[in-house]
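>>> Whatever this is, show me its structure:
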Amino acid sequence: MENDVPAKKTMVLRKMLTVVLVLVIVHATLTAALFTLMLQGPDRFARAMRYVPWAAFVVLPFKPLWNVARAGRHSVGEMAPDFSLDGVDHKSTVRLSSFRGQKPVILVFGSYT
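This is a model prediction of the structure:
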């Protein structure tokens, strides 16, 4: 009967390791899926995130993934890509490149309402 004790301990240890391994694989898969979703773009990400329970924010590394996914492809000091926007009067168009070499440009994205 004494020989059964080490065998039972080994079996319990193997089951525990299996459970831990499965949890690690599930966590890694969910983390990879979340990161892939973050890279898809804000609209698709927002549509999917409304179904994610709040507990997921505690379990998954949301903030570090978000910082990497939203870091962008440009670095400080690099020239901004050219784009155009409607003017304040909505009749004219303003192009970023028209200011190049003339004066600094500050871009503010957000709402002040």
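>>> CA atoms for contacts and neighbours, from now on please.
Will do.
>>> gap between Phe83 and Thr31?
Counting by C-alpha to C-alpha, to the nearest Å, the gap from Phe83 to Thr31 is 34 Å.
>>> Look up the closest residue to His27, ignoring the ones flanking it.
Leaving aside its sequence neighbours, His27 sits nearest to Leu60 (C-alpha to C-alpha, 6 or more residues apart in numbering; 7.4 Å).
>>> how many neighbours does that neighbour have?
Per other C-alpha atoms under 10 Å, the neighbour tally for Leu60 reads 15.
>>> what do you get for the one 5 residues further on?
Counted with other C-alpha under 10 Å, the neighbours of Leu65 add up to 18.
>>> how close does the residue nearest to His27 sit to Arg47?
Counting by C-alpha to C-alpha, the separation of Leu60 from Arg47 is 18 Å.
>>> Could you list which residues are in contact with Arg70?
In this structure, Arg70 makes contact with Leu39, judged by C-alpha atoms under 8 Å, 6 or more residues apart in numbering.
>>> Show the pLDDT at it.
You'll see Arg70 listed with a pLDDT of 79.
>>> which one of Phe83 and Thr31 has more residues nearby?
Set Phe83 next to Thr31 and count neighbours by other C-alpha under 10 Å: Thr31 wins out with 18 against 9.
>>> Check which element follows the helix or strand hosting Met38 along the chain.
According to DSSP states H and E, Met38 maps onto helix 4-40. Going down the chain from helix 4-40, the next helix or strand is helix 42-49, by DSSP H and E.
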